[in-house]
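> Quick one: sequence and predicted model below, then my questions.
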Amino acid sequence: MGKLIAARLWQLVFVMFLLSLLTFTLMKLAPGDPVMLILDTEELAVTQADEEALRKELGFDQPLITQYASWLFQLMKLDMGESYIKGKPVLDELIQRLPATIQLAVGGMLVMVLIAAPLGILAAKYPGRWPDHVSRLFALIGASIPSFWLGLLLIYVFAYQWKWLPTMGKGGLSSFILPSLTLGFAMAAVYSRLLRTGLLESLSQEYIRAARARGIAEWRIMTKHALRAALLPVLTVFGMSMGNLLAGQVVIETLFSWPGLGGMIVEAIFQRDYPIVQGYVLFTGFFVVVVNLLVDLTYSLLDPRIRFGKGGV
Amino acid sequence: GQQEAPNPSIAGEVEKGGQKKAKMIIHFKTGSLDPHNSFYPLKFGVTETLVRMDENLEVKPWLASKWEAIDERTWTFTIRDGVTFQDGTKLDAAAAKASFERGVAASPALARALKIASMKASGQELTIVTTEPHPSLPSELVNPFASVVQVEAEKQMGTEAFNLAPVGTGPFKVKQFQPNVKADLVRYDGYWDGKAKLDEIEIAFNEDGNVRAMALQSKEADIVYQIPAEMVSVIQQDPELRVESVPSLRVHFLLYNQQKPLLQDNRVRRAIDLLLDRNSIVNDILLGNATAANGPFHHRLPFGSEDEVRKPNSAEAIKLLEEAGYQRNAEGKWMKDGEPLSMQIITYKGRPELPLIAQLLQSEAAKIGLVMEIKTVENVDQYLRDHQDWDVATYSNSTSPRGDGGFYLNSAFMPGGSLNPINLANENLIQVVTQLNATADIQQRVKLTQQAVDVINREVLHSFLVYPNMIVGVNNRILNWKPGAEDYYYINNKMDVK
Amino acid sequence: MGEPQYVKAAVFQRPLRLGLRRSLLRKPSLVLGMSLLTLLVLFAWIGPSIVINDPLTAQMAERLQGPSWKYPLGTDHLGRCILSRLMAGAQLTLGVSALVIATVALIGVPLGLLSGYVGGRFDAAVMRLVDGVSALPEFLLAITIAGFLGPNLANLVLAIVMVKWIGYARVVRSIVLSEREKEYVLAARVAGSSLWTILWRHLLPQILSPVIVLAALDVGKVILTISALSYLGLGVQPPVPEWGAMLNDGRPYFQTIPELMIYPGIGIMIVVIACNLIGEGLRDLLDVRSR
Amino acid sequence: MTDVLRINGLNICVHTGNSKQKVVENLTLSIKRGETLALVGESGSGKSMTANAVMGLLPPALYIDGGEILFGGEDMVPWPEKRKRHIRGNQIGYVMQDYQGSFTPFIRIGKQCIETLRSHRKISTQEATKLILQWFDRVGLPAERTFHSYPFQLSGGQRQRASLACTMMLEPDLLIADEVTTALDVLTGERVMNLMSFLQSQSGCAMLLITHDLRLALKRAATVAVMKAGSIVEMGSADLIRSQARHPYTKQLLAARPSLTEMDIANEKEPQAVGSEADTA
Amino acid sequence: MKTLLEGKHLSKTYKEAAGTVKALEDVSFFIQAGECLGVVGESGSGKSTLARIVLALETPDRGDVRLNDVSLLQMKRSALREMRQHIQVVFQDPTSSLNQRLPIWRSIMEPLDNYPHVTPAFLEEVRHSRRDTAAKLLEMVGLDTAHMDRYPHELSGGQKQRVAIARGISLAPRLLICDEPTASLDMSVQAQILQLLKSLQKKLGMAYLYISHDIASVRWMSERMLVLKGGRIVDQFASNQILSKDRHDYTRQLVEAVT
Ligand SMILES: Nc1ncnc2c1ncn2[C@@H]1O[C@H](COP(=O)(O)OP(=O)(O)OP(=O)(O)O)[C@@H](O)[C@H]1O
Ligand SMILES: Nc1ncnc2c1ncn2[C@@H]1O[C@H](COP(=O)(O)OP(=O)(O)OP(=O)(O)O)[C@@H](O)[C@H]1O
Ligand SMILES: [Mg+2]
Ligand SMILES: [Mg+2]
């Protein structure tokens, strides 16, 4: 296991390097010039000279390789640079937004688990019967309703009609409920159905019959014996969605005025705020690699054959 | 049962102890309250400027009680006596000078706008020398970036803390600022123009029109900026709410790519101009919350045009196209020299009505056999600048941000101007604008501006379509408050709640 | 040696193929899904040729009308017949999401199979690529591609495919990891099966059911992604009546005329329901043990 | 003494398309307390399915089509799942033929045994562990190691014994042992069978011994039932079967009992001795 | 006769949570072409491990396996595939060695499908048709051909075991490793299978590594026998010497238990 982690750390460096190169290229390929966006022209006069000066200040007059190299060099010193638009260090910006993102992600995951686990298990327990159909209906609504719509509906019902919860903002516990519901509900769809297939698959195995023959309670069979094998794909999708949980929540963040990373990154992309985008991508890259390492380690916890297998993970 | 349960987080109730509170929601979020890089400290009534605009968009004294031009480049401003910053210190010319120094250093945009060469402070007299003759300096001082703040306070707090809670002279001070979420303001009791009526104001940011509207409907918020036009009718049904729809200083228009021979032809531009029914845009797209346009400046402005709004006329448009040398083929599509005529409309999502206008134009064009294709781009300015393949763009500008047309004429019609992506260079217009730039007299400036508008309309340089309104939803418990066309002063000391 | 007649077990003749067809019919959900999909495909196939009204041209005088004989589902905010737009957009909407899912599965599944089974450096390389891609925001790719190749549907599809395949690769790999040590795979190796045979014949069926389930739900997700990116101006160009874009167009009318969103929303939901019913029905069918 | 298990006219059918076919037909047998009944039979004759039917664990395609299964005098067939579960493991122990599949592959054997034990007995984990280790030891397993092993880390025979131990430790009233010695060498097999007899003498449990090995059946069971193609073709006391088997299949089985000594002689003369014996029967 | 397979000083240790398990320790043996080597031994003595090593499914910690004097351990993947044609196996556990999702005839045909050029003598008439071939193989192991389209879970234990045998013999490999091939077969079927194996050995010169706890059948099948205990070879002799007085104690115990 130690070896695996060590190898992963090496690969991590590699992934980060590749990512830095990739984002740099993508950002440069993307049409658009941050200079004009920084100068925010609408209500203020800007001259050609101002433009040139700024271009020079940002180092855009240098060849691309030089720009990349100097950025990379800075990065080695753990300095991700400063936001063009906001002028603040990238790291500060990321750290400032991170808590809200994580809180929302945790809330969403909680809701997701609370919805997906019972729905998936019930559906697998009664395949083709009404709990399955109800679960499917939920899942399908979750999968086909865009989150902006769901969010609006929730606000409409809970904040406007019933006035139970605030429409927006990040404050007390009550302000977490609607964003978490919106996020969790949409995610639950995939998980509940994935769980159902996984469970059906493992429930048809011989060892489940054996456990029944030993007189083990049905819920225990479900949770201890069947669930584990079913968790492999579920966990994988979960690991995959971590990147998305960080940045993919723009819609929800916009609806609920949630000060998370998603809104920041989209804004930064639109404004061609390269340092922020690059800092963010590296940050997520790190995060994703670590999460997937954890997921891979969990595989071997879930299935000892993987642990003792020759291939390793 | 549950419905009546009071929700502690819902502001807007007069709470025990007689605290008066209000909540406002605005449509842009901000991560900083840096007074010299953000409009918000001024909008929130935390800071103020030396001069301001009144309801009629005329420049009026504010922190400066009066000012005069000593010569072409020298101005003196008399700072109002008895004004204190929110930390209790007195505002004098030295403090204002320090504030401008900070502003010029922090914001290149401000530096460019003010063109300050040197400043001198003595008592309440602030003397400003500009680098070049600058007749519109007072008008430029309306700029929110020219807010006056207590620089000493910044030294004590540190810049970072100061940019989250700047110390100005306004009726409200920042109690707590949650970047990108909300700002909590409390009354500053020592306000020079009389203590504010409200004790606290919460300003939340939200970029989704539907959510903002619902926050108003649920009575969670008292004032909500930028209600979607589609929601106006619903909100008006609620007797507790009202909608303030005021003309803004913005204009939506069609931009023609006059770098292309096709659109260099005045007749083609005029033909396209004749396709659109401005009243239909006002009524069917903006649902009445706009005024049909007859030029870049609203006719309510002193320098706005008095011309009539152009009426659609497709017969005339067909005639113009034919005159320009185009014929329709058997299928009714336009051709020139055997080449089919097809145009590309550029639009963007930043203002939801623009893509609709583009679709309307497309449909109207299709009716006379003119093929137009729509392309939505993400960054319109960039696109227009870097690409040559487009023909028409839907566009929008704020044309008189500080009560003067000069800024817009210069940046949108002069070569190299920052709002002139197509490098328009109309000889006649350049002449008028150059003359305008050398004129300080207000009356004279109005005349010249109108003259410029005449040229623009005659040559159909752009097709100005509508002046959209600013739509603000207000709870009737809010008293003495109306949104201003200038869109600068959201909060004042007079506003009150029932 | 003689015929071993004496060791006849209880013998059941079962014509398998017939049984399969019958069990297919016995799954009502599968039948329902199939019929829904057939209807949708028909709708998409002949829809555009029998639209009753012009789905593209704005008719301001007719805007926001309720259902009538002329406009069975009413008109939208630019006065266009909603039903005609739904019909005209069905082909594009269904086609694109089917195309995306098919491409994504065709890339992700084989890579996942290989990566899981072969392991080692290949696995590390593929998985780190996956990690890398999942760190890139979808928007960034979409913007770059749209900016570089132009904002149209094809390029949007490209961007979505580029990010979506990774999910399939990883899910497939995770299952393969646990399957590859099982005895039947060893038996296949002993039988001399090549890598491809093992992947194709033995491992593919094992991973098929989660992949089918994922894909069925992703059909909806793809439409929604297109819709979200269109909202930012990165995809379908107006006035093309793609359902996701229609959903967006209805947004301002959320409270006043919810039908503008509900109709395309229902359309998308029917697609998702059909795919899911078929997907899960197929899954049940593939599950030989519970048949 | 009453019958612990009594099966009356049991029919098990399988769905095949629109027709049904019988896997087990009109099977009747009974086992008393402390008694062993051996079910011997041809491969595929329905022995395991009979056992599954008793447990209420028939695979999805199969179903009981008439007949009664009386446990302690009460017909279990119509019992709800919950009630059946209650007696499974606790009152009826079942060692499945597929010993490879009798443990969940990713849970350690010990943990699964503890789980089983604690599902039926109120005892602490430590006590359970002690008991389980003891039982592992009794079936000749390296107790500690087996306890901590995952199923795939054990050899075939070890797994079979673990599953047997896990069933026997609950001392059920009825033990169904489906081919429990197939993976065991003779010595270990003997040991396990002795243990089962011991358990039987201690707790007086009834035993349904399913095997293909007539020799074993004759040695261990009081009554032997011979199955062929889904029905019992012959049933009687062990002695009776040994001496006066009537059915040709039984005779054939009896004849096909090579012993090392016989074989050695045969081998030198006629290499196909065993085969020809079977053929001619 | 020529040595077909040779195992030299094979050792295998498994790591486990509770320490290590020595599954094999310094095991050396050889099998000549056409010969049957019987392996008997206690449960858990390492018989199946030995089989897996010979099949190159598991690498020994020490030692070497050579087929026709070529080391299996050093073979490249393509060579290994070529080799597999000559060494086949009947696994101890028929259930898990069959793919649950394939009808059994497909499982049976897998080796033949992989080596299309191979036509064992007993399949000559039917090789042109895959289903006929499968039917013929099923028939050889005494299964009704109507079982062809069934899935493994629809068969009884003994039936699955016979499917595995049918698959094992289908290529008429030079060496067939049988790990308890008849454990769950009743006497008459068992006899038929043994006879089948024996006749294949006679006609086609197949060699066997025949692992079983049933000492009688091993005795009957094999020319030579190995006795394993605790991972070591404790005794090794020609089968007809099984009753000899010089046998190892353990061997004698085994023999006594069945006589
Ligand atoms: N799901 C099923 N579908 C169809 N037939 C089945 C199914 N399960 C079992 N059978 C058949 O039922 C018969 C009885 O099987 P059972 O497992 O009871 O045999 P058995 O007597 O235990 O044989 P063995 O000694 O080989 O284990 C077999 O012929 C088998 O093929
Ligand atoms: N993957 C593994 N991990 C750990 N230990 C193992 C593993 N496989 C086998 N063993 C151990 O190695 C020893 C030899 O196992 P093997 O399967 O070779 O025995 P066997 O002789 O085939 O026994 P049986 O007759 O019971 O099948 C056993 O003690 C077993 O527990
Ligand atoms: Mg059986
Ligand atoms: Mg073994």
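Now that the structure is in, tell me what you want to look at. Ligands and ions are numbered 1, 2, ... in the order given.
> Now A:Asp72: phi and psi?
Actually, residue A:72 is Leu. It isn't Asp. Note on A:Leu72: its backbone torsions stand at phi -60, psi -40 [degrees, to the nearest 10].
> Would you tell me what helix or strand the residue lying closest to it once chain neighbours are set aside is located in?
Of all residues not flanking A:Leu72 in the chain, A:Ser20 sits nearest, at 6.5 Å (Cβ to Cβ, 6 or more residues apart in numbering or on different chains). C-beta coordinates here come from the backbone N, C-alpha and C atoms, glycine included. Using DSSP states H and E, A:Ser20 sits in helix A:2-29.
> Ok, D:Arg191 next?
helix D:186-203.
> hang on, the earlier thing: wait, the residue nearest to A:Leu72 touches A:Gly279, no?
No. Shown here, A:Ser20 and A:Gly279 do not form a contact pair, counting by Cβ atoms under 8 Å, at 9.9 Å.
> picking up where we left off before, so the residue nearest to A:Leu72 versus A:Gly171, what's the distance?
A:Ser20 sits 37 Å away from A:Gly171, going by Cβ to Cβ, to the nearest Å.
> so what does the longest strand seen in chain B touch, helix or strand wise?
Secondary structure of chain B per DSSP state E: the longest strand is strand B:462-475. On a contact count with 3 or more Cβ pairs under 8 Å, 6 or more residues apart in numbering or on different chains; DSSP states H and E, strand B:462-475 meets helix B:209-217, strand B:223-225, strand B:241-247, strand B:250-256, helix B:266-275, strand B:290-292.
> Those: which one's closest to chain E?
helix B:209-217 (49.6 Å; Cβ to the nearest Cβ).
> Tell me the spacing between the residue of the stretch 151-300 of chain A found nearest ligand 3 and D:Thr182.
Distances between the stretch 151-300 of chain A and ligand 3 by Cβ to the ion are smallest at A:Glu206, namely 12.7 Å. Computed with Cβ to Cβ, the distance linking A:Glu206 and D:Thr182 is 16 Å.
> Please identify which of those two sits among more neighbours.
Taking other Cβ atoms under 10 Å in any protein chain shown, A:Glu206 and D:Thr182 do not tie; D:Thr182 has more neighbours (26 against 20).
> Where does that one sit: helix, strand or coil?
coil (DSSP: H, G, I helix; E, B strand; the rest coil).
> what's the pLDDT at the residue lying closest to it once chain neighbours are set aside?
Closest residue to D:Thr182 apart from its sequence neighbours, by Cβ to Cβ, 6+ apart: E:Ala183 at 4.0 Å. Looking at E:Ala183, its pLDDT reads 82.
> before we move on, back to that, CA atoms of the longest strand of chain B as PDB?
C-alpha atoms of strand B:462-475 as PDB (Å, rounded to 0.1, in the frame of the first residue of the first chain):
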ATOM      1  CA  HIS B 462     -25.900  52.300 -35.800                       C
ATOM      2  CA  SER B 463     -29.600  51.500 -35.500                       C
ATOM      3  CA  PHE B 464     -30.600  52.600 -32.000                       C
ATOM      4  CA  LEU B 465     -33.600  50.500 -31.000                       C
ATOM      5  CA  VAL B 466     -34.800  51.000 -27.400                       C
ATOM      6  CA  TYR B 467     -33.800  52.500 -24.100                       C
ATOM      7  CA  PRO B 468     -34.500  49.700 -21.600                       C
ATOM      8  CA  ASN B 469     -35.900  50.600 -18.300                       C
ATOM      9  CA  MET B 470     -34.500  49.700 -15.000                       C
ATOM     10  CA  ILE B 471     -37.100  47.600 -13.300                       C
ATOM     11  CA  VAL B 472     -37.000  47.700  -9.500                       C
ATOM     12  CA  GLY B 473     -39.500  45.900  -7.400                       C
ATOM     13  CA  VAL B 474     -40.400  47.600  -4.100                       C
ATOM     14  CA  ASN B 475     -42.400  46.600  -1.100                       C
END
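> can you map out the strands along the stretch 151-259 of chain E?
Residue ranges of the strands in the stretch 151-259 of chain E, as given by DSSP state E, counting those that start in this stretch, are E:175-179, E:207-211, E:224-229, E:232-238.
> Give me the contacts around the last one.
The reference is to strand E:232-238. Residues outside strand E:232-238 that contact it (Cβ atoms under 8 Å, 6 or more residues apart in numbering or on different chains): E:25-29, E:223-228, E:244, E:247-248, E:250-251.
> Pull up the pairing partners for that strand, direction included.
strand E:224-229 (antiparallel) (DSSP bridges).
> between the strand it pairs with and strand E:207-211, how big is the angle?
For strand E:224-229 against strand E:207-211, the angle between stretch directions is 30 degrees (axes from the mean of the first three to the mean of the last three Cα atoms, to 10 degrees).
> Identify the residues contacting strand E:224-229?
E:27, E:29, E:35-42, E:45-47, E:50, E:218-219, E:233-239, E:242, E:248, E:250-251, E:254.
> Which of the residues you listed are buried? Put it as a ChimeraX command.
The buried subset of the contacts of strand E:224-229, as determined by 16 or more other Cβ atoms under 10 Å in any protein chain shown, is captured in ChimeraX by this line:
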select /E:27,29,35,36,37,38,39,40,41,42,45,46,47,50,218,219,233,234,235,237,239,242,250,251,254
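> What residues of stretch E:143-151 count as buried?
Neighbour-count burial for stretch E:143-151 [16+ other Cβ under 10 Å]: E:143-145, E:147-151.
> show me where pLDDT drops low in the stretch 151-281 of chain D?
D:256-281 (pLDDT under 70).
> where along the stretch 51-200 of chain B do the strands fall?
B:51-53, B:59-61, B:64-69, B:74-79, B:116-122, B:125-130, B:172-178, B:182-187, B:200-205.
> now for these, which one comes closest to A:Met109?
Evaluated over those, closeness to A:Met109 peaks at strand B:172-178, with 23.7 Å, by Cβ to Cβ.
> With just CA atoms, put that closest one into PDB.
Output in PDB follows, covering the C-alpha atoms of strand B:172-178 (Å, rounded to 0.1, in the frame of the first residue of the first chain):
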ATOM      1  CA  PHE B 172     -24.500  54.000   6.400                       C
ATOM      2  CA  LYS B 173     -21.400  52.100   7.400                       C
ATOM      3  CA  VAL B 174     -20.500  48.500   6.700                       C
ATOM      4  CA  LYS B 175     -21.200  46.300   9.600                       C
ATOM      5  CA  GLN B 176     -20.400  43.000   8.000                       C
ATOM      6  CA  PHE B 177     -19.500  42.200   4.400                       C
ATOM      7  CA  GLN B 178     -19.800  38.600   3.100                       C
END
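> Provide the strand pairings for the strand or helix carrying D:Glu234, with the direction of each partner.
Per DSSP H and E, D:Glu234 falls inside strand D:231-237. Here strand D:231-237 is paired, per DSSP bridges, with strand D:223-228 (antiparallel).
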